[in-house]
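>>> Got a sequence here, can you build the structure:
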Amino acid sequence: AVAALGSLLALILGVSRTTLAMARDRHLPGSLAAVHPRFHVPHRAELAVGALVAVVAATVDVRGAIGFSSFGVLAYYAVANASAWTLDATPVRRAVPVVGLIGCVTLAFALPWLSVTVGAAVLAVGAAAYGVRRRTAAH
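Okay, the predicted model is just below:
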């Protein structure tokens, strides 16, 4: 329980900073891009992410939420490994991101099927929304 709580707190901080960056790029409401003047933290994003986590924890089976979160984190790291693969064309240096990508995909799809299905659906909806938004912005 202590390890899960520590991991959850670290994820909340990481996701809130991602929320800040997405709000700055206008992919999320601009009010989430606020940085506290004294403490220099994305306080609105932290509160929003914390509220979302609290609602999920209170309404969803925690085991399912952990599986969904695991799928999301592994997808994130898979993208990071795929991106790292493009940085250097040296075969030896490309081996590590390839192994990392394969490991992330393998672990992600080894999760319970419901976590994989919901996680993949959320990623698909997000990608579709991004595509629609980008297409409408171009016109």
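>>> now the helices for this structure?
Assigned by DSSP state H, the helices in the chain fall at 2-24, 43-59, 62-85, 91-109, 113-138.
>>> quick one, which of those helices is nearest to Ala33?
Nearest to Ala33 among the helices of the chain is helix 2-24 (3.8 Å), distances taken as Cβ to Cβ. C-betas here are computed from N, CA, C, even on glycine.
>>> For the closest one, which helices and strands make contact with it?
For helix 2-24, the helices and strands in contact under the criterion 3 or more Cβ pairs under 8 Å, 6 or more residues apart in numbering; DSSP states H and E are helix 43-59, helix 62-85.
>>> Give the burial count for Arg24, as a bare number.
By other Cβ atoms under 10 Å, the residues close to Arg24 number 14.
>>> remind me which residues of the protein are low pLDDT?
Counting by pLDDT under 70, the chain contains no low-confidence segment.
>>> try 80
Along the chain, the model assigns pLDDT under 80 to residues 1, 3-5, 7-8, 139.
>>> May I see the helices and strands packed on helix 2-24 organised as CSV, with mean neighbour count added?
Formatted as CSV, these follow (neighbours: other Cβ atoms under 10 Å):
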stretch, mean neighbour count
helix 43-59, 15
helix 62-85, 17
